[in-house]
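1. here is a sequence with its predicted model. Questions after.
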Amino acid sequence: MAVSPPSTMLSTIQSRDIPFQGSANARSPLTMTHADRELTEQLNDDVRRKYVKDKKLGEGTYAVVSLGYLKTDPSVFVAIKKIKVNAEYKDGLTMDAIREVKYLQELSHPNIIALHDVFSSKDQTLNLVLEYLPRGDLEMLIKDGNIQYGAADVKAWMGMLARGVWFCHENFVLHRDIKPNNLLIASDGEVKLADFGLARSFADPYLNMTHQVITRWYRPPELLYGARQYSGAVDVWSMGMVFAELLIRVPFVAGNSDLDQISKICEAFGTPTDDNWPGVSKLPNYFPPDRAHIIPLQGRDFFVRQFPTAGPVGADLLMSMCALDPRKRSTARQILSHSWWSTEPKPTKKEDLPKKAGGTKKMGDDMGRRVGQVDDGLFKNAARQLHF
Amino acid sequence: MIEDEIYRSSSQFRLWSYTESSLRDLRANTNAVASDRVRAALQRARQARQPVNPNGSNAETAIDEKEIECLNPEEELELVRYYCEKTLELGETYKPPLPTNVRATAIQYLRRFYLTNSPMTYHPKSIMACALFLATKTDNYYMSLRQFADGIPGDNTTAEDVIAPEYLIMQGLRFTFDVRHPFRGLEGGIMELQAMAQGLGQPAPHLPQQTPEDLRRALHLIPPNPSASSSSSSSSSLTDRIAHAHHNTRELLKTAAQMTDAYFLYTPSQIWLSALFIADRPLAEFYLFTKIGSPASLPPSTSSSSSSTNPLDALRTKLIHTITSCSALLQAYTSLSTGPEQMKSLKAIAKKLYHCQNPEKVNLAGQKRDSANPSPAASTPAAIAAAGGEGASESEMERIAKKRKLELERKGREANDIFGGELVTERTKERSLQ
């Protein structure tokens, strides 16, 4: 596969001493009279020159992801995601790229993928310098039958997810696409919320948002019913679905259409009615259930029975995340103060969490592979997660 | 975690907050770099022209003979401010008008962009529409580029014209799109005041002894608003007074807060409180003191001890000082398009800019992302420079030089159009500028 060597991007740049470093806050000594670049371009060059682009990790429809490292310290790896120009979209930079850049620039938290820098390369494409997360994602772990994990591990992963989501909501940002393969794993085992291509700020009261968000299996009932005004509760539902999936190792409610998704949710948790969810019948896509098939709301027993690994306290937390009525669903803050976190077993330390079998070796193999070779394993997956 | 910490992690604080002097230095620096580049570019243009076109038009010869006079930072700022006002107006022309937030974001994009870019390099009139379109995207107000371009008054702005400088703008914004506005904070404060007026107020975290009834009674006892006309203040109810203050504060936030350096110098909450101070000072003071205690309301035990030991005292003094200076900044603002004096000065700046516009950067279409189908303009030196400028081969440079020569000749012929064709055709104002 043809991959342009990193030199095309970096080595042809003339080296010039640019004293203007970092923040525009700094008083700039940049008054050179023969500056051959605009000030903004110089700032961009400064950022670009901090990194060396190495081999390609993967490619999708929206972006090419490459491994990169810090010029001053080649042991510090980064993932450089180059946004492809979308030929079909004539309206400038696409919304998903705008959202991802906008929100990652604001959110700095151990459980959210870090955006170190953004720069433009010479063909006016956007390059996102992201935290390098080489250990795949939660979906890979869930699916890998060779990996065994238990309640303490799930607690650790869920704790990291809950902190990341809480931080988003505290900053008035809805993620709107939480699912296991958007939860990437750092080399130290830390789980990081990634892919902010669907994120947005909380809308002002009474303003509508789109309900066409969140991957179906993780989409809450209010969105399936077409709600246009919603809150952080949508992300909490997704978290509940991830929690359930971590416990039983298959997606808990996996509908094959939006309609099927609603009926599966009803089967699993009970049928939404105006009694258990006041006002639900007024949602645009709501349809009255077949009277003969109204399933009563599931109680605590159901969750304890269905998810024995979580224990009764864990089942209680899960239940609070899966309330059909979004107003009754726990908030991210309430989740963090739940007693499950302090109940035995203690969450596994992140460095002791299970890794994908052969993960480290695989990473090493990948690192040694010659430039341009795209592997179908770990790296490809890691790259895919960076949202193409 | 407190709100201050959240704000300090925002890009608005990290990259776009300044002191008055750092702001002045940055603008002076941008101006100096741009002026050098303009002089150099005009010099090149002159040299390129001479062997080919010795009998240039009169206008050109006139420029050639004079020393090139560049804009100074104050003139640049005034021009940018004028186009910020135009952005507000452009947003108003859509049906329905673009939301206040979108327009405010666009204005802040323009102001941020022109901290490191000079109007001599990129004329604001070719940047403002794109800044507004970008703001519709970043602030979740979806409309297609076509729809947006069609909404621009006059019929000569194409979708391509609008989108051409998008990448340039994003780079100038250092790829930060989030702007923290004071509007939401104001809404929250007004809701709190309304609740207090109805006896539904909540005690502030530092003053847990407050009761809803205390708050209600105290609010009803505040002195009349000195800045309101006497007739209205005496007759109107408290609810009306809050609504009135709300409206006037919002107007200040939509105008004065946008057109001044307020966002660079103050936080969103400082800005809306300062605007409320202008609109209704007793009301604003009451609100503030419910949060941090008024100097008079301190319990006797506290006031008998040294006042400096109370951290709220120090905080209040500091806050009042900040709010006072921000209020002064907002109050000093007058719309550029209102006064004939100001229009006269703007006209002079526009005229001056006509002679010191960087000729190599005029064609923004060259900044387009579409590298697959390069338009003739895409290979202008400006485009090459904007696109990185590296690695251009020698023959390519030669070709560009030739192209540049031809471009300049064409520009010379169209000299009268370079500054023509305003985006917003508001006849009286625009004509006086030209």
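-> Received the coordinates, thanks.
2. any low-confidence regions in the chain?
-> No chain specified, so I'll use chain A. A:1-36, A:357-388 (pLDDT under 70).
3. think we crossed wires, I meant chain B
-> B:1-2, B:50-66, B:155, B:228-236, B:296-309, B:363-434.
4. which strands and helices sit next to the longest helix along it?
-> When chain B is scanned for its longest helix (criterion: DSSP state H), the result is helix B:20-52. Packed against helix B:20-52 by the contact rule (3 or more CB pairs under 8 Å, 6 or more residues apart in numbering or on different chains; DSSP states H and E) you find helix A:39-48, helix B:58-65, helix B:73-93, helix B:100-116, helix B:262-265, helix B:340-356, helix B:394-413. From N, CA and C alone the C-beta is placed, and that goes for glycine too.
5. could you chop chain B up by domain?
-> Domain ranges of chain B: B:14-45+B:68-173, B:182-221+B:238-294+B:313-332, per the TED database.
6. most tightly surrounded among those?
-> domain B:14-45+B:68-173 (a mean of 21; mean count of other CB atoms under 10 Å in any protein chain shown).
7. end to end on it, go ahead and measure it.
-> Terminal residues of domain B:14-45+B:68-173 are spaced 13 Å apart (CA to CA, to the nearest Å).
8. and B:Ala129, which of the helices and strands packed on helix B:20-52 is closest to it?
-> Of all these, helix B:73-93 sits nearest to B:Ala129, with 6.9 Å by CB to CB.
9. please see if the closest one touches chain A.
-> No: Helix B:73-93 stays clear of chain A (CB under 8 Å from any CB of the partner chain), getting no nearer than 13.0 Å.
10. and that helix, what other elements does it pack with?
-> Helix B:73-93 packs on helix B:20-52, helix B:100-116, helix B:124-138, helix B:256-259, helix B:340-356, going by 3+ CB pairs under 8 Å, 6+ apart.
11. these: which one's closest to A:Leu57?
-> helix B:124-138 (28.3 Å).
12. what angle sits between that closest one and helix B:340-356?
-> Using axes from the mean of the first three to the mean of the last three CA atoms, to 10 degrees, the inter-axis angle of helix B:124-138 relative to helix B:340-356 is 100 degrees.
13. what about helix B:124-138, distance to the chain center?
-> 12 Å (CA atoms, centre = their mean, to the nearest Å).
14. that helix vs chain A: in contact?
-> Yes: residues of helix B:124-138 contacting chain A under CB under 8 Å from any CB: B:Phe133, B:Leu134, B:Lys137, B:Thr138.
15. which element is B:Lys291 on?
-> For B:Lys291, the element it lies in under DSSP states H and E is helix B:281-292.
16. mind listing residues that contact that helix?
-> Outside helix B:281-292, the residues that touch it by CB atoms under 8 Å, 6 or more residues apart in numbering or on different chains are B:189, B:192-193, B:196, B:201, B:204, B:206-207, B:210, B:215, B:218-219, B:222-227, B:241-242, B:245, B:273, B:276-277, B:294, B:297, B:312, B:315-316, B:319, B:323.
17. distance to A:Glu131 added to the helices and strands packed on helix B:20-52, as a markdown table?
-> Shown next, in a markdown table, are these (distance: least, CB to CB, whole Å):
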| stretch | distance to A:Glu131 |
| --- | --- |
| helix A:39-48 | 16 |
| helix B:58-65 | 52 |
| helix B:73-93 | 36 |
| helix B:100-116 | 26 |
| helix B:262-265 | 30 |
| helix B:340-356 | 44 |
| helix B:394-413 | 38 |
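18. and B:Asp25, which of those is closest to it?
-> Judging the helices and strands packed on helix B:20-52 by CB to CB, what sits closest to B:Asp25 is helix B:73-93, at 9.9 Å.
19. next one: the closest one to chain centre, how far?
-> Worked out by CA atoms, centre = their mean, helix B:73-93 lies 8 Å from the chain centre.
20. just the CA trace of that helix, in CSV.
-> Output in CSV follows, covering the C-alpha atoms of helix B:73-93 (Å, rounded to 0.1, in the frame of the first residue of the first chain):
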residue,chain,number,x,y,z
PRO,B,73,-3.3,49.4,14.9
GLU,B,74,-6.0,51.8,16.0
GLU,B,75,-7.2,52.2,12.4
GLU,B,76,-7.2,48.5,11.9
LEU,B,77,-9.2,48.0,15.1
GLU,B,78,-11.8,50.6,14.0
LEU,B,79,-12.2,49.0,10.7
VAL,B,80,-12.7,45.5,12.2
ARG,B,81,-15.2,47.0,14.6
TYR,B,82,-17.2,48.4,11.8
TYR,B,83,-17.3,45.0,10.1
CYS,B,84,-18.4,43.5,13.4
GLU,B,85,-21.3,45.8,13.4
LYS,B,86,-22.0,44.8,9.8
THR,B,87,-22.0,41.1,10.9
LEU,B,88,-24.7,41.9,13.4
GLU,B,89,-26.7,43.5,10.7
LEU,B,90,-26.0,40.7,8.2
GLY,B,91,-27.4,38.2,10.7
GLU,B,92,-30.5,40.4,11.1
THR,B,93,-31.3,40.2,7.3
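21. just the angle between that helix and helix B:100-116, please?
-> Using the same axes, to 10 degrees: helix B:73-93 against helix B:100-116 is 160 degrees.
22. quick one, which of the helices and strands packed on helix B:20-52 is nearest to A:Met321?
-> Closest among the helices and strands packed on helix B:20-52, using CB to CB: helix B:100-116, at 31.9 Å.
23. is any part of that closest one close to chain A?
-> Yes: judged by CB under 8 Å from any CB, helix B:100-116 comes into contact with chain A through B:Leu115, B:Thr116.
24. now do stretch B:266-277
-> No: under the criterion of CB under 8 Å from any CB, chain A is not reached by stretch B:266-277; the shortest gap measures 12.7 Å.
25. ok, residues contacting that stretch?
-> By CB under 8 Å, 6+ apart, stretch B:266-277 touches B:7, B:13, B:180-186, B:189, B:245, B:249, B:252-253, B:256-257, B:262-263, B:283-285, B:287-288, B:322-324, B:326-327, B:329-330.
26. just so I know, which of the helices and strands packed on helix B:20-52 lies nearest A:Ala203?
-> helix B:100-116 (10.8 Å).
27. any figure for the gap between the closest residue to B:Ser345 other than its chain neighbours and chain A?
-> Nearest in space to B:Ser345, with sequence neighbours left out and distances taken as CB to CB, 6 or more residues apart in numbering or on different chains, is B:Glu78 at 7.0 Å. Going from B:Glu78 to chain A by CB to the nearest CB, to the nearest Å gives 20 Å.
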